[in-house]
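A.B. asks: Build me a structure from this.
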Amino acid sequence: MSNPSFTQGIQYFNPAWPDFDTLGKHPAVPEGATAIADVNSDAAAFQTLLTADALRYLTLQITGAKASGHPGGYASSADVHAALMLLGHKNMVTEVGHHAPGFYSAMFLDRSLEKMGIHTVDDLRARFREKHGLLGHLSGAIPGLLAPAGPLGQGQHFAMAGAYLHRDKLFPVTIGDGGMGEPYILNSMLHFNTAFPDITNFLPILIWNGYSQEHHSMCSLWTNERMKAYWYGHGFKEVILINAKDYDDMDQEGEYVDSTRFSPAARRAFGKAVLQATHKAAQLALNGTFTALIIKQIKGAGVHVHGAKSHNLYAGDTLDKPHMIEALQTRALAPEAWALVRDNLIRAGGGSAVNTAVTEHERPLADISGLPLQNFAVGESQVPATAFGALVAYVGQKDTQFIVTNADGNEASAMKNINDALKIRHPTTDPLYNQVPSGRVYEPLNEDACAGLAAGIALFGGRSVWLSYESFAINGWPIVQTVAQAMAELRRKTPSMVSMFTAGALEQGRNGWTHQRPEIEGHFAAMMKNGNSFLLYPADANMIQAAYAWSLNSFNKCITIIASKTPLPVYTTPAQAKAAILQGAATLYESTGGDKTVVLAATGDMVFLPIFAAKDELEAAGFKVRIVAAANPRQLYRPSDVAWDSVPESDNGFMSDADFNALFDGDMLVAVSGGSSAPLEPMLIRSRATRREVFSWKRGETTASPQELFELNGMTGGDIAKRVKAAF
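C.D. replies: Numbering: from 1, shown residues only. The predicted model follows:
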């Protein structure tokens with residue numbers, strides 16, 4: 001036959017495999033079907049192997065086209081990836097960003113990448129690892145692919161989030177044994193299964209290939225029994241292990257072998273075993289059994305070299321080098337085999353993943369209109385966190401799939417009202433602790449699991465909120481950062497990822513420095529320039545309600561709210577609070593007289609206590625004082641400072657120069673933060689004041705009161721007033 005048009009760019013073809021005329025005569029996925037008709041047939045095993053080798057070939061050729069990328073780890077997973085797709089399971093994620101070229105190859109073969117103008121292998125090669133193309137690691141923009149992948153230890157969160165939101169579909173997730181060294185992977189799945197024992201429709205698949213990125217994996221010496229016991233010890237009821245070595249008829253050395261080197265008969269036996277095991281594992285997972293699948297095969301199976309040396313290509317690994325040519329020629333398929341593989345993958349799962357994957361469509365959301373916003377009077381004392389909690393409780397009562405995650409306890413953060421309304425999800429029923437098996441407050445005792453489920457649900461189209469102390473946020477932030485970038489690339493709307501951190505630095509003095517790490521705010525602040533990340537500092541209980549209401553009505557954003565759990569003065573009316581969140585800042589106080597104007601501008605809420613104390617001292621010294629709350633500092637940047645126009649659901653609500661100057665003009669600007677100084681940057685770079693000063697967090701210490709911490713950090717009202725006076 002003539003070469004199919006999509007194969008333009010494939011460098012090598014081979015004659016059809018023996019028995020192709022019989023075993024490849026008809027697609028294993030019949031026309032009108034969504035999966036292999038008979039997993040026990042020789043034809044199904046034969047065509048699964050063809051698909052796996054097609055994926056290996058494309059993975060090596062596109063990475064070789066740029067002498068860059070990671071073919072080795074994916075090569076050892078190609079057999080199970082092929083089986084999953086031919087069984088109709090395309091809602092697939094991975095923990096391993098280095099498997100990206102294989103996932104791209106799969107999306108090319110099922111025509112999903114045509115959505116981005118990739119029609120031929122030449123296109124695939126040209127667009128790999130290029131801007132606006134196929135990035136080196138999975139991103140949120142690639143058609144047909146559900147989730148990004150990069151930092152290890154994240155993929156299982158996406159699979160669990162998908163399973164939570166879509167109970168009738170399977171969400172496989174491939175996990176590398178190199179990534180097994182990352183914390184929390186199995187721990188997070190154990191906690192999820194304990195909390196949601198009826199949600200088993202996610203399937204972790206360990207690609208146990210014996211190697212990590214540059215050396216043997218840490219579990220490379222484990223026996224099969226020990227590996228299975230490790231998974232059973234984390235709550236799995238079925239652990240299915242397929243070891244390529246059991247089918248080896250070529251006497252390969254070592255515990256890890258390459259199935260592509262087997263004889264044709266042994267390859268088919270291995271392929272059938274992988275296909276049948278994958279089918280069995282999928283059915284168990286879909287029907288209520290907590291199941292894991294392990295594929296044991298050497299890293300680099302079927303590509304240019306084995307082991308960690310196959311992990312990535314180097315500058316010398318170009319397509320004109322003998323070792324690359326030999327590998328490609330060995331894996332090359334016949335034109336009719338390529339056509340068969342494409343037919344199967346287009347049919348499997350009901351069509352191209354770009355049309356069928358759950359994340360390719362906007363998910364309907366429950367109506368949460370009528371938020372019960374409270375009107376707190378200016379001057380009264382209220383707890384911001386508690387006001388926020390009341391709204392979270394309402395959202396959870398209106399949206400039954402809404403999830404709250406928290407590791408350190410809502411009650412400890414003055415948000416017991418959330419637990420009262422939504423209950424902690426726990427197998428032990430206990431009214432004293434608001435525990436019931438059906439609760440929707442998810443409380444694993446690590447922030448990675450909290451952030452992971454909340455971020456995954458938001459990315460997959462649901463509402464969630466992650467609550468924590470800011471001092472602990474760093475333990476879960478990497479996946480939020482990953483999801484924020486993915487949301488900046490999405491081709492669809494999805495609810496914003498919302499986090500609220502109680503500013504424990506000033507409120508946790510007696511706990512010592514372990515609870516006093518607001519330096520994380522510098523990380524939050526740096527992300528504001530991404531275009532879709534917002535760091536909100538509501539100054540009081542009215543403003544935090546406005547902040548959350550704004551967040552709930554936004555899409556594709558990463559929104560972080562910092563607030564206190566201590567009763568604090570209310571400075572704004574609800575209307576002023578709403579305007580502050582939308583516009584970026586608001587005046588809380590302004591003197592009526594004075595010779596020199598000092599602007600005291602701050603991010604935070606408790607930090608206004610020393611600021612108002614400084615105001616009294618400065619007014620007594622003859623200064624005019626204006627106190628400004630920088631509630632949404634991202635809006636205080638200049639538009640050119642932020643990549644706002646490169647993201648979906650773009651927000652160009654930056655404060656105009658005239659409005660900014662009306663707030664911040666004065667003889668001196670004093671910018672104050674109870675945490676990192678980084679959120680103060682937009683005020684400092686736009687201010688026209690010739691005198692500028694910064695007060696911010698320096699370090700924590702065990703203290704008996706917030707006042708002592710202010711004193712330790714040189715941030716008391718007296719400290720602020722003294723520095724202003726010295727400037728004049």
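A.B. asks: Enumerate every residue touching Gln297.
C.D. replies: By CB atoms under 8 Å, 6 or more residues apart in numbering, the contact set of Gln297 is 76, 79, 207-209, 244, 256-259. C-beta here means a position set from N, CA and C on the backbone, and glycine is covered the same way.
A.B. asks: what about 10 Å?
C.D. replies: Contacts were defined as CB atoms under 10 Å, 6 or more residues apart in numbering; by that measure Gln297 touches 75-80, 207-210, 242-245, 247, 256-260, 270, 274.
A.B. asks: Equivalent analysis for Asn209, please.
C.D. replies: Each residue near Asn209 by CB under 10 Å, 6+ apart is listed here: 72-73, 75-77, 176-178, 217, 220, 244, 256, 295-301, 306-308, 310.
A.B. asks: Narrow these to those in helices?
C.D. replies: Judged by DSSP state H, helices contain the following of those: 72-73, 75.
A.B. asks: Just the closest of these to Met189, please.
C.D. replies: For these, the minimum distance to Met189 (CB to CB) is 20.6 Å, reached by Gly73.
A.B. asks: hang on, that closest one packs against Thr63?
C.D. replies: No - contact criterion CB atoms under 10 Å: Gly73 and Thr63 do not qualify, at 11.7 Å.
A.B. asks: Between the two, which contacts overlap?
C.D. replies: With contacts taken as CB under 10 Å, 6+ apart, Gly73 and Thr63 have 102, 312 as neighbours in common.
A.B. asks: Where does pLDDT dip in the stretch 101-250 of the chain?
C.D. replies: Confidence mapping of the stretch 101-250 of the chain against pLDDT under 70 gives the ranges 181-183.
A.B. asks: I should have written the chain there, sorry.
C.D. replies: In the predicted model, the chain carries pLDDT under 70 at residues 1, 181-183, 504.
A.B. asks: could you redo the last one with a cut-off of 80?
C.D. replies: Applying pLDDT under 80 to the chain flags the ranges 1, 140, 179-184, 503-516.
A.B. asks: per-domain residue ranges of it.
C.D. replies: By the assignment in automatic domain parsing, the chain contains the domains 5-358, 381-727.
A.B. asks: for the shortest one, how far is the first residue from the last?
C.D. replies: Between the opening and closing residues of domain 381-727 there is a gap of 34 Å (CA to CA, to the nearest Å).
A.B. asks: so Ile242 sits in a helix?
C.D. replies: No - membership of Ile242 in a helix is not supported by DSSP: H, G, I helix; E, B strand; the rest coil, which gives strand.
A.B. asks: how deep is it tucked in, by neighbour count?
C.D. replies: With neighbours defined by other CB atoms under 10 Å, the count for Ile242 comes to 23.
A.B. asks: now it: how far from Leu152?
C.D. replies: 23 Å (CB to CB, to the nearest Å).
A.B. asks: likewise Asn40?
C.D. replies: Taking CB to CB as the criterion, Asn40 is separated from Leu152 by 36 Å.
A.B. asks: same deal with Ala563?
C.D. replies: Here the criterion is CB to CB. By it, Ala563 lies 32 Å from Leu152.
A.B. asks: again with Pro444
C.D. replies: Plainly put, Pro444 is 19 Å away from Leu152 if you go by CB to CB.
A.B. asks: now swap in Phe654 and tell me
C.D. replies: On the measure of CB to CB, Phe654 and Leu152 end up 37 Å apart.
A.B. asks: same deal with Glu711?
C.D. replies: Using CB to CB, one gets 43 Å for the distance from Glu711 to Leu152.
A.B. asks: Which positions within the longest helix belonging to the chain qualify as buried?
C.D. replies: Longest helix of the chain, by residue count under DSSP H: helix 42-66. Across helix 42-66, burial judged by 16 or more other CB atoms under 10 Å covers 43-66.
A.B. asks: Tell me which other helices or strands it touches.
C.D. replies: helix 20-23, helix 72-75, helix 78-86, helix 100-109, helix 121-127, helix 264-286, helix 322-331, helix 335-347 (3 or more CB pairs under 10 Å, 6 or more residues apart in numbering; DSSP states H and E).
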